[in-house]
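> Kindly generate the corresponding structure for this input.
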Amino acid sequence: MSICPHTPQSDRKEDLGFERKKMVVWFNPVQLTRTGIKVLLSELFGSYADKREIQAALYPDHSPGTLFHDYSSNSELWIDYLADTGDGFNSTYTMAKLLSRKKCEHSFNGSQVTTTRGRLLVLGGDQVYPAASRKEYDNRLIGPFRSALPWVDENKSPHLYAIPGNHDWYDGLTSFLRLFCQERWIGGWKTQQRFSYFAIKLSRQWWLWGVDIQLDSDIDQPQLRYFSKIAEAHMKKGDQVILCSATPSWVENGSRAYRNLVFFEQKTIAPYQGEIKVMLSGDLHHYCRYHSIAGAEPDEAREKIISGGGGAYTAPTHWMPEKLALSESDGPDRKKTVDYQRAGIFPDIQQSRRLRYGVLRFHMLNPWYGGIFAGLYLLYAWLLQSASISLGNNSGSFVEAVKGYSPLIFSHFGIVYQEYLKVLVYSPATVLLTLLIIGGLIAFSGWKKILHFFAGLIHGVGHITLNIYLIWVFAYLNLKIFFPALIQNSIWHVLLITCEMFLVGGLLGGILTGIYLLIAERLPGLHLHAEEVFSAQHLEDYKNFLRLHIDKSEQLTIFPVGVTKVMKKWKFNPEAAGGQSWFEEAEGRIETHLIEEPIVIRSEKVKPQSGAAEDGAVKAAAMGK
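Numbering: from 1, shown residues only. Here you go, the predicted model:
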């Protein structure tokens, strides 16, 4: 991009070229259906149309030297890492705005730490939500990033690399390959890679590799061959690797995805006496770092870092384990067990626990989800009433039978329950709908554990009970208290109960769901719906990214940057020129801080001095003092 593009003259989507989207509402019925279909299709056909093999076939004759990207001639190098972006405009643009600045100041322990914009920007997976498409990439990723950094002189422009997450794979990787693998511009960042995976030589001894694990499947043979050829030709003894993958598979030791990564290291890095020092991942939308312990020497320490705070809803941290015992590579054909300790986390445990109570506003945040239950409640009432009329009971229809009992008198509950059973046993359609509702909510909770089964069962029975109670209350109020002359089977009563069911039933159904999610998440030993409790709130705040620095001595310093509050009010600047951002903060300035002390990893070639003086020198250097 040799010429700076013209600044739009208004913030209308027609002038901007994209629509400023709100956060994805995951419990929207339409959204759930669309995403569910794409997930199903991607899982059914993903293994039969693996785009990674097609990519490899396009460049069959390239030598290893032309397949990786080399920045080792730089005396020092800054790298930005961001994952799980491309959601709502406020959160995505806040992060893009920070990444666009040449310098950033972050508060830490009463002082200010300055970091520099990365020569490289690495996107760690799930670049767009809810599912990949050209339109969603334009609105949720390209538009916000282009607005934050419209232009940089081509000779100075930062380079961009990306690995696909599961949301990028939902269209078979078509949009991802078009955007990231054809040397295109995303604002002032220029993409460089040819494949959905890449290898970067950062310095004489440091590498950064991004692997494509395609929906946690096996790493394909062309990809293994790609990295093996590079390692064989260019990796030296003692070289250190930063490995980026789309999911933090190490959180579940023994999982298929984690075994794949260990296998990958044994086949591509260990044979050439290199070592993975740092694993980076997103997918979980928070920050959490694990540091190897169990007596390891400082130069042997490893870091596993989750940094998924690029823009998507905030995820809980209070369920993250304090310790991990992981089976890791100890050579081409050997493994060893390494213990890890949780070292840094954001938002912190107490903040995370407080945030979960926001799910009690479920009915307000997800009104359309309440509409699903309102529709089911109305259908249930219709089937029940129709069955009771066809039975020809002495007491009349179900509504006629229960309208005379006050919903405020406890003893009446048993009578209404008996009337309900009389109709239910002779109504196959009502029985079937009952089983579908309860079965669906059991499936939502999970079948694997008996506690999860019973949690779903109780949730389902709760909705059926609420449904019967609403029919009873409406019958009592409509036909006995307010409109005693109203005919129960008239069109006016049908319209009245329809309105009541959608207004009151939808509201109470949402409230019941929120209460259930909170209780299920909080109960000891259950640990259920932790993600749903947070995704239902689509929280914009508590975002993070990493800024990595390799200095002249080959020392790697990782700065974990946190944003407690994203900016929610923006002022459009039609006079922006020379690559200035199109939107500026309307009130105040985006505040950032270091989540924890910078993480320092020495080069194998740099032998530490001795004593506390050396440790102090390293920390001072990391803090820019």
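
> give the contact list for L120.
When contacts are counted by CB atoms under 8 Å, 6 or more residues apart in numbering, L120 touches Y71, L77, W78, I79, D80, P158, H159, L160, Y161, I200, L208. Bear in mind the C-beta positions are built from the backbone N, C-alpha and C, glycine included.

> Let's see which of those end up in strands.
L77, W78, I79, D80, H159, L160, Y161, I200, L208 (DSSP state E).

> Which two of those have the greatest separation?
Greatest spatial distance among the ones in strands among the contacts of L120 (CB to CB): L77 and L160, at 15.0 Å.

> Where does the prediction get shaky in the chain?
Where the chain drops to pLDDT under 70, the residues are 1-2, 39-66, 215-217, 253-254, 294-299, 392-395, 603-625.

> before we move on, could you check phi and psi at the closest residue to A576 other than its chain neighbours?
Once flanking residues are discounted, A576 sits nearest to T7: 4.6 Å by CB to CB, 6 or more residues apart in numbering. T7 adopts backbone torsions of phi -80, psi 130, taken as degrees, to the nearest 10.

> Isn't T7 up against G579?
No. Counting by CB atoms under 8 Å, T7 sits too far from G579 to count as a contact (10.1 Å).

> okay, now the domains of the protein?
13-360+539-622, 367-534 (automatic domain parsing).

> Out of the ones in strands among the contacts of L120, flag the one nearest to L141.
Using CB to CB, these come closest to L141 at L160, 10.9 Å.

> Show me which of the ones in strands among the contacts of L120 is closest to E532.
E532 lies nearest to D80 out of these, by CB to CB, at 30.8 Å.

> Can you give me the neighbour number for the nearest residue to the closest one once chain neighbours are set aside?
In space, and not counting its chain neighbours, D80 is closest to G118: 3.4 Å by CB to CB, 6+ apart. If you count neighbours by other CB atoms under 10 Å, G118 ends up with 23.

> before we move on, what about Q418?
By other CB under 10 Å, neighbour count at Q418 equals 10.

> and if you look at G331?
The number of residues packed near G331 is 12, by other CB under 10 Å.

> How about it: what's its closest non-neighbour residue?
Once flanking residues are discounted, G331 sits nearest to A270: 5.3 Å by CB to CB, 6+ apart.

> what's the next secondary structure element after the helix or strand hosting Y290?
In the assignment (DSSP states H and E), Y290 maps to strand 287-292. Next helix or strand after strand 287-292 toward the C-terminus (DSSP H and E): strand 303-307.

> list the buried ones in the next helix or strand after that following strand?
The first helix or strand that comes after strand 303-307 along the chain, using DSSP H and E, is strand 323-329. Within strand 323-329, the residues that count as buried by 16 or more other CB atoms under 10 Å are L324, L326, E328, S329.

> What angle do strand 303-307 and strand 323-329 make with each other?
110 degrees (axes from the mean of the first three to the mean of the last three CA atoms, to 10 degrees).

> shared neighbours of T7 and G579, anything?
Common contact partners of T7 and G579 (CB under 8 Å, 6+ apart): P150.

> Tally up the residues packed near H527, please.
What H527 shows, counting by other CB under 10 Å, is a neighbour count of 14.

> got the contact list for F176?
Residues counted as contacts of F176 (CB under 8 Å, 6+ apart) are Q127, A132, A162, P164, D168, W169, S196.

> contacting residues around the first one?
For Q127, the residues meeting the contact criterion (CB under 8 Å, 6+ apart) are T85, G86, Y137, L141, A162, P164, G165, H167, D168, F176.

> what about the first one, neighbour count?
Right, the one you point to is T85. 30.

> how near is E419 to A381?
The spacing between E419 and A381, counted by CB to CB, to the nearest Å, is 14 Å.

> The two: which is more packed in?
Neighbours were counted for E419 and for A381 using other CB under 10 Å; A381 has more, 24 against 20.

> Now that one: which helix or strand?
helix 367-391.

> and if you look at T557?
Assigned by DSSP H and E, T557 falls in strand 556-563.

> strand partners of the helix or strand that comes right after that strand, parallel vs antiparallel please.
Note on strand 556-563: by DSSP H and E, the next helix or strand toward the C-terminus is strand 570-572. The pairing partners recorded for strand 570-572 under DSSP bridges are strand 583-585 (antiparallel).

> can you pull the buried residues of the strand it pairs with?
Buried-residue list, strand 583-585, by 16+ other CB under 10 Å: F583.

> again, but for stretch 102-113
C104, H106, F108, V113.

> Can you pull out the residues in contact with that stretch?
Outside stretch 102-113, the residues that touch it by CB under 8 Å, 6+ apart are 98, 114-117, 547, 559, 561, 591-594, 597-598, 623-624.

> Mind checking which of those are in helices?
The helices, defined by DSSP state H, take in L98 from the contacts of stretch 102-113.

> Pick the one among the contacts of stretch 102-113 closest to G358.
Nearest to G358, judged by CB to CB, of the contacts of stretch 102-113 is E591 at 21.5 Å.

> The closest one and P29: what is the separation?
Distance from E591 to P29, by CB to CB: 37 Å.

> With W189 instead?
Taking CB to CB, one finds W189 at 36 Å from P29.

> who has more neighbours, these two?
Between W189 and P29, counted using other CB under 10 Å, the more crowded position is W189 (27 against 14).

> Please name every helix or strand in contact with the helix holding A381.
Applying 3 or more CB pairs under 8 Å, 6 or more residues apart in numbering; DSSP states H and E, one finds that helix 367-391 makes contact with helix 29-45, helix 398-402, helix 412-424, helix 428-445, helix 450-476, helix 491-500, helix 506-522.

> L391 contacts L424, correct?
No. Look at L391 against L424 with CB under 8 Å: they stay out of range, at 10.9 Å.

> need the contacts of Q127 in a markdown table with distance to I345, can you?
As requested, the contacts of Q127 are exported to a markdown table (distance: CB to CB, whole Å):
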| residue | distance to I345 |
| --- | --- |
| T85 | 20 |
| G86 | 24 |
| Y137 | 31 |
| L141 | 27 |
| A162 | 26 |
| P164 | 26 |
| G165 | 21 |
| H167 | 24 |
| D168 | 26 |
| F176 | 30 |
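
> Of those, which is the nearest to W492?
H167 (47.8 Å).

> how many neighbours does that closest one have?
Neighbours of H167 (other CB under 10 Å): 27.

> what about it, which helix or strand?
Using DSSP H and E, H167 falls in helix 166-169.

> So which elements touch that helix?
Going by 3+ CB pairs under 8 Å, 6+ apart, helix 166-169 lies up against helix 174-180.

> and with 6 Å instead?
On a contact count with 3 or more CB pairs under 6 Å, 6 or more residues apart in numbering; DSSP states H and E, helix 166-169 meets no helix or strand.

> I'd like the contacts of F176 as CSV, with distance to L508 appended.
Rendered in CSV, the data for the contacts of F176 read as follows (distance: CB to CB, whole Å):
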residue, distance to L508
Q127, 39
A132, 37
A162, 44
P164, 41
D168, 38
W169, 38
S196, 46
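
> okay, now I491: neighbour count?
There are 8 residues near I491, going by other CB under 10 Å.

> so how far is S397 from it?
I491 is 16 Å from S397, by CB to CB.

> wait, isn't G143 in contact with K21?
No. The pair G143 and K21 does not pass the contact test of CB atoms under 6 Å, sitting 8.8 Å apart.

> So the two - more neighbours on which side?
Taking neighbours as other CB under 10 Å, G143 and K21 compare with G143 leading, 26 against 18.

> List the contacts of the closest residue to that one other than its chain neighbours.
Nearest non-adjacent residue to G143, counting by CB to CB, 6+ apart: F18, 2.9 Å away. Listed by CB atoms under 6 Å, 6 or more residues apart in numbering, the contact set of F18 reads D138, N139, G143.
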